[in-house]
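Asks: sequence isn't available, so here's the structure alone:
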């Protein structure tokens, strides 16, 4: 098998992507730590639940929406539950499933931190792009996500984080 090395242009694009994504995630994490005492992933869980009907989602559905493993989500929800920001409920329709529910305290924290988070995202990302580039960014990222989720790629069911089994099971 021959290695398909990156071209110089691809190498520059790859390195630019890595630099931008790491710097952006770091800046967002720092802003959310200062404003709400939580990392970006914790904020994303609260935001995901706030958008859901009744502020509740099955844990598996939330893991899929956030593109993370179920074990990582369990860890985050445990922490948020300990802080009174989320609670768990049994799922009446499926006894094997549980629901994550945004509490009033979680909603209040989200309401306080959302304006600063949105301003950070806007100033660090969208203010640096033209309207055309925003559309291109969406198209590029959506295409990559579709490919990584197996649409047309022939990947297995366990290739996405929320379907992976823990190595401890």
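Replies: Arrived safely. Source: prediction; values computed, not measured.
Asks: contacting residues around residue 47?
Replies: 110, 114 (C-beta atoms under 8 Å, 6 or more residues apart in numbering). (Each C-beta comes from the backbone N, C-alpha and C, glycine too.)
Asks: if we ignore the residues flanking it in sequence, what's nearest residue 27?
Replies: Excluding the flanking residues, the one nearest residue 27 by C-beta to C-beta, 6 or more residues apart in numbering is residue 124, at 5.6 Å.
Asks: quick check, the one you found in contact with residue 26.
Replies: No: with contacts counted by C-beta atoms under 8 Å, residue 124 stays clear of residue 26, the gap being 10.3 Å.
Asks: for residue 49, see how far away the most centrally placed residue in the chain is.
Replies: Nearest to the mean C-alpha position of the chain, by C-alpha atoms, centre = their mean, lies residue 66 at 3.7 Å. Applying C-beta to C-beta, to the nearest Å, the value for residue 66 to residue 49 is 10 Å.
Asks: with residue 119 instead?
Replies: 22 Å.
Asks: next: residue 68.
Replies: Distance from residue 68 to residue 49, by C-beta to C-beta: 14 Å.
Asks: between these two, who's got more neighbours?
Replies: residue 49 (26 against 18; other C-beta atoms under 10 Å).
Asks: for this protein, which segments are assigned as helices?
Replies: With helices called from DSSP state H, the chain shows them at 8-36, 40-51, 59-66, 70-82, 104-124, 131-148.
Asks: now find how far off-centre the last one is within its chain.
Replies: Averaging C-alpha coordinates over helix 131-148 and over its chain gives two centres that are 16 Å apart (C-alpha atoms, centre = their mean, to the nearest Å).
Asks: could you count how many residues lie near residue 15?
Replies: 11.
Asks: er, residue 42 I mean
Replies: Residue 42 has 23 neighbours, counted by other C-beta under 10 Å.
Asks: pretty sure it is touching residue 82, no?
Replies: No: using C-beta under 8 Å, residue 42 is not in contact with residue 82, being 11.6 Å away.
Asks: my read: residue 56 touches residue 88, true?
Replies: No: if you go by C-beta under 8 Å, residue 56 and residue 88 don't touch, sitting 9.7 Å apart.
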